[in-house]
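# Could you look at this predicted model? Sequence included:
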Amino acid sequence: MALQMAHLTVASKANPTLLLPALLAATWAVLEHLHRNFTALQHRNNELVFEWISRSLAFTVHDFKSLERPLQELDHHLALRSFIVGYSKTLADLVVNGTIRANKILVSIVRRSKGNVARWFSFIESANPWINQVYLDLSAPARQKKAAASAAGASYEIGLDGDNIVTRFPPEPSGYLHIGHAKAALLNDYFAHKKTWNTHLPL
C-alpha cells in the first residue's frame, strides 16, 4: 500500500494525466488492506466481494439514465438479501453504500424509493451509525469552503473588464414595474457604487 501511495504522489507531481490511474490503484490497495486485516469484513467468497466493489464504479456517474440499469441490478440482487454478499456485513456493503452516499443524485433517488436498495441502504446505515459521522468528516472541507464563499458574498463581476462600464435601468414599455425591475435597479446601483462607473436612468 505504501508503494501505491508513493506512486500516487509521484504521478500527481510528474504528470496530471497519470493521477487518475494512480488514484484508482491506491484506492484498490487500501480496500485490499482493509479486507485482509479486518476479519469482521471478511467472507469466504472474496471474488464476489471484489466483484461488487468493482461494480460500485457504475454508481459514480451523475446521469440518471446511466444509473438506472446498475441500480436495477442491485435492487434485483438484494430482493431476498440483507447484505450484498453472504449473511453478514462485508467490505462490499460499505463500499457500495459509500459510493451511493457520495453521489447526490443517486442517494436522493434511493432515499425516495421503496425498493430493495432503499431497504438495504437504511439497514446498513442504521446498523452502523459511525458511517454518517465518517461522511460528515469527509465532507467537512467542502462544507467549510462553501460556507466561506457564502460569507464572502456573491460576486457579480464575472467577465467584466472593469473599464468603460455604464449601467442602465431600462423603462418598462407598459409603464408597470415588477420585481425584475427592482432586482435590476439594485444590481445597477451595486455596480455604480462599487467602482467609478456611471448609471444611466432613462426618463
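All right, it came through fine.
# for Ile84, what are its contacts?
With contact taken as C-beta atoms under 8 Å, 6 or more residues apart in numbering, Ile84 is in contact with 52, 74, 77-78, 90, 92-93, 96, 120. Where you see a C-beta, it was placed from the backbone N, CA and C, and this is true even at glycine.
# any low-confidence regions in this structure?
For the chain, applying pLDDT under 70 flags the ranges 1-44, 149-177, 191-192, 194-203.
# Which strands or helices does the lengthiest helix in the chain pack on?
Determined from DSSP state H, the single longest helix within the chain is helix 130-152. Applying 3 or more C-beta pairs under 8 Å, 6 or more residues apart in numbering; DSSP states H and E, one finds that helix 130-152 contacts helix 91-102, helix 116-127.
# So which residues make contact with the first one?
By C-beta under 8 Å, 6+ apart, the surrounding residues in contact with helix 91-102 are 31, 34-35, 38, 41, 48-50, 52-53, 55-57, 59-60, 74, 83-85, 106-107, 110, 117, 120-121, 124-125, 128, 131, 135.
# In helices, which of the residues you listed fall?
Per DSSP H, the contacts of helix 91-102 map to helices at 31, 34-35, 48-50, 52-53, 55, 74, 106-107, 110, 117, 120-121, 124-125, 131, 135.
# Give me the buried entries from these.
31, 35, 49-50, 52-53, 55, 74, 106-107, 110, 117, 120-121, 124, 131 (16 or more other C-beta atoms under 10 Å).
# from those residues, which single one is nearest Leu186?
Minimum distance to Leu186 across those is 36.8 Å, recorded for Val107 (C-beta to C-beta).
# ok, Val95 - how many residues close by?
Per other C-beta atoms under 10 Å, the neighbour tally for Val95 reads 24.
# Would you mind measuring from it to His178?
Taking C-beta to C-beta, to the nearest Å as the measure, Val95 falls 52 Å from His178.
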